[in-house]
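> sequence first, then the predicted structure, then my questions.
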Amino acid sequence: MFSEDTVGKAKYYDNQALEIGSLFIRYYSLFAETMDSTKFWHTTGKRQGGSFSLTEDLKPKEVGQYEDIFINYPQSGDMTVYNVINKKAYVYAEPTPLIDWEITGKTDIILGYICQEAIADFRGRTWHVWFTYEIPLHYGPWKLGGLPGLILRAEDSNGLYTYELIGMQQPGNEPMYRYDIQTISCKREDIIRINDLRWKDPEKHALSNGSQGFMPMKRDAATGKLRKMTSAEYAASIRYIPQRELY
């Protein structure tokens, strides 16, 4: 998966996993999982998690996205989403989204599977996906699903987000994990608001998160003097990634 930074014009990559169990479905970042599990198992008692730095296991253009999605949890038809933002873990639940897909009739081959194209508008973005009838599971990357086959590729119409399957495996009778961490209950709209605030007013976001307000300094190219960064400059410096859901 990648999303293009619209400020810095860079592309960032993340390996993500879709686990389909007999009862639950989990979608998460493998990069974030590696950093999370390391942090979790090397603390005494409570998880200290949060905004981890890139580890030596990540390449310069790779990032771990701290969003953990469970489908049919805690009950069938539910979707529970965990987000870690600046050392705080938020959780919200909503009904699994019903997406109104239009199958276009176009075909492609992905990893040897014959795939069909489908298009839908979902929460502010138009998504083009490719699914295969050969794997009759109605799931896909992130919150995309509801088609009569597994989604192997997905891209929004602006090219900001792209997902493509790179491999599959059928593990044995293994458990699906969910870390027992302290969370703040919220609504999906709260996550959108919090993320927006990170870029629109970083100082206010820091203060609302319990941190001391600040704005990093940079040297002005024209005067040679130090000055506070603008919000746009700060967003670029911390890898602004546009939100997948706009409302």
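Received the coordinates, thanks. Numbers count the residues shown, from 1 in each chain.

> need the per-residue pLDDT for the residue of the chain most remote from its centre.
The outermost residue of the chain, judged against the average C-alpha position, is residue 223 (39.7 Å), by CA atoms, centre = their mean. Reported pLDDT at residue 223 in the predicted model: 90.

> let me know whether residue 133 touches residue 149 as I believe.
Yes. If you go by CB atoms under 8 Å, residue 133 and residue 149 touch, sitting 4.6 Å apart. Just so you know, the C-beta spots here come from the backbone N, C-alpha and C atoms, and that holds for glycine as well.

> common neighbours of those two, please.
Each of residue 116 lies in contact with both residue 133 and residue 149 under the rule CB atoms under 8 Å, 6 or more residues apart in numbering.

> so where's this structure shaky on pLDDT?
Scanning the chain for pLDDT under 70 picks out 1-10, 35-65, 177-179, 209-214, 235-236, 238-241.

> the residue farthest from the centre of the chain and residue 231, how far apart?
20 Å (CB to CB, to the nearest Å).

> residue 23 now?
For residue 23, the distance to residue 231 - CB to CB - is 44 Å.

> between these two, who's got more neighbours?
Ranked by neighbour count (other CB atoms under 10 Å), residue 23 and residue 231 place residue 231 first, with 16 against 8.

> tell me the contacts of the more buried one?
Counting by CB under 8 Å, 6+ apart, residue 231 touches 199-202.

> same deal with residue 122?
So residue 122 contacts 97, 99, 143-144 (CB under 8 Å, 6+ apart).

> that one bridge partners, please.
residue 125 (DSSP bridges).

> got it, and residue 115?
For residue 115, the beta-bridge partners are residue 108 (DSSP bridges).

> tell me if I'm right that it and residue 153 touch.
Yes. At 7.2 Å, residue 115 counts as touching residue 153 under the criterion of CB under 8 Å.

> looking at these two, which one has more neighbours?
Set side by side, residue 115 and residue 153 show more neighbours around residue 115, with 24 against 20, by other CB under 10 Å.

> and the gap between that one and residue 189?
34 Å.

> and if you look at residue 197?
Distance from residue 197 to residue 189, by CB to CB: 13 Å.

> more neighbours, these two?
Neighbour comparison, residue 197 and residue 189: the larger count goes to residue 197, with 17 against 11 (by other CB under 10 Å).

> same for the helix or strand harbouring that one, what does it pack against?
Taking DSSP states H and E as the criterion, residue 197 maps to helix 188-200. Secondary-structure packing of helix 188-200 (3 or more CB pairs under 8 Å, 6 or more residues apart in numbering; DSSP states H and E): strand 78-85, strand 88-95, helix 202-208, helix 231-237.

> could I get the buried residue list for it?
Buried residues in helix 188-200, counted by 16 or more other CB atoms under 10 Å: 188, 191-192, 194-195, 197-199.

> now find how far off-centre that helix is within its chain.
Helix 188-200 sits 14 Å away from the centroid of its parent chain (CA atoms, centre = their mean, to the nearest Å).
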